[in-house]
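> what follows is a protein structure lacking sequence information:
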Ligand SMILES: *Cc1c(COP(=O)(O)O)cnc(C)c1O
């Protein structure tokens, strides 16, 4: 690899699309898992093995639930096997029916969880200048069959929750947030986790904070929390006593061990992400037609997603061109959330005209690229990725020519 700082910048001739030699010898993934102290994790796992208590509300799950509730400043935290099950549990516990308003610009699990329990997802566009649900469009989509609005705090940036709360109250709708991206992120100085009827977190391996696989529901409602705990465990209210149609949504002890260990290293995870974010932000700042999604510095953030938008009319290169240029360098950037849920099955067949209501979503899904970050990406890596992008954008026509070979 060439030194970057203080050296002549990369030129078109240096790029892998020209040379066939990638700048990164190994594949650079976005969101390789963050791992805390291996020794502390193994100690917890040894304790679990000694206790012979692997699942069913074990001590590690109870400890993690208590710590998370305390950390997030919310009364109840119910851990689950993953966030998709958590969404389904929440939707069932809140007895959603008919139609539910949900963004198309999200990971498909948000929408699948509705469809899976037999509720019709009604796709809502994103707000101007934002990647989150447009509350005014949501209000226009309300019908007598609407039972809820589901917002997604994309990239850890909070939805317009005050406006959504007002709309939900006015129409007596449930309000649920998919906070899968938003662990350790704040809005108005308060950590996300207490908004709406409940919020759902994902602790999947690729997320900022992970339990291998896992999820959580946070809520201030004791009644809802009790219902969720029953539903999570087959509906068992006591030995041999089943009181409702539950499912198995429990988190296991080894997953909680990972969570407890990761929680002790959150500051380290955030510091690495923030360092990379600032490199990307500052290095890519002056490029016309390339815009990086900025985080509000007055809020707490996990900086897990480095998101850029590429305007082909201004740069001469499309998002897909840049994706291929980076792939040639072994940099696996991702087109989250292309092509939009409404263009995935079963939705594209069920609702073939949904795109008409979603002009901003459709435009954005052609422009967005998410860049690698996390503990596995060094500051040198981030700088080199920026240099590659800068070199490509400096010679868009030549890049297009090389890509067409
Ligand atoms: C990752 C993710 C999910 C699903 O989480 P799992 O824990 O993998 O089930 C749901 N919604 C969003 C927005 C996500 O990013």
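Received the coordinates, thanks. From a predicted model like this one, the values you see are computed outputs, not experimental measurements.
> would you mind listing what in this structure touches the ligand?
82-84, 106-107, 109-110, 152, 178, 180-181, 202, 204, 215 (Cβ under 6 Å from any ligand atom). Using the backbone N, CA and C atoms, a C-beta is placed for each residue, glycine as well.
> could you export those as CSV, including pLDDT?
Formatted as CSV, those follow (pLDDT from 0 to 100):
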residue, pLDDT
82, 98
83, 98
84, 98
106, 98
107, 98
109, 98
110, 98
152, 98
178, 99
180, 98
181, 98
202, 98
204, 98
215, 98
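> just put these in a markdown table and tack on neighbour count and secondary structure.
Formatted as a markdown table, the residues of the chain next to the ligand follow (neighbours: other Cβ atoms under 10 Å; DSSP: H, G, I helix; E, B strand; the rest coil):
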| residue | neighbour count | secondary structure |
| --- | --- | --- |
| 82 | 20 | coil |
| 83 | 27 | helix |
| 84 | 23 | helix |
| 106 | 26 | coil |
| 107 | 19 | coil |
| 109 | 22 | helix |
| 110 | 25 | helix |
| 152 | 26 | strand |
| 178 | 28 | strand |
| 180 | 27 | coil |
| 181 | 23 | coil |
| 202 | 29 | strand |
| 204 | 21 | coil |
| 215 | 27 | strand |
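> list just the nearest of those to residue 335.
residue 107 (12.4 Å; Cβ to Cβ).
> residues contacting that closest one?
Contacts were defined as Cβ atoms under 8 Å, 6 or more residues apart in numbering; by that measure residue 107 touches 180, 336-337.
> please redo it, this time with the cut-off set to 7 Å
180, 337 (Cβ atoms under 7 Å, 6 or more residues apart in numbering).
> try residue 361
104-105, 125-126, 340.
> tell me what the host helix or strand of residue 216 is packed against?
Using DSSP states H and E, residue 216 sits in strand 215-219. The contact analysis (3 or more Cβ pairs under 7 Å, 6 or more residues apart in numbering; DSSP states H and E) places strand 215-219 against strand 76-80, helix 83-93, strand 198-202.
> just the residues contacting the first one, thanks.
When contacts are defined by Cβ under 7 Å, 6+ apart, strand 76-80 is touched by residues 61, 64-65, 68-69, 86, 89, 214-219, 222, 225, 228-229, 232, 249, 251, 256.
> can you list the strands that it pairs with?
Strand 76-80 pairs in its sheet with strand 215-219 (antiparallel), by DSSP bridges.
> ok, residues contacting the strand it pairs with?
68, 72, 74, 76-80, 82-83, 85-86, 89-90, 193, 197-203, 225, 228.
> which SSE is immediately downstream of it?
helix 222-232.
> quick one: the helices in the stretch 51-200 of the chain, in order.
Remark: helices assigned in the stretch 51-200 of the chain by DSSP state H, counting those that start in this stretch are 59-72, 83-93, 108-116, 135-140, 161-170.
> then the stretch 251-400 of the chain?
253-263, 266-283, 312-315, 319-328, 347-350, 359-364, 379-394, 396-404.
> for residue 9, give me the pLDDT.
At residue 9, the model reports a pLDDT of 84.
> that concludes my questions; thank you for your assistance.
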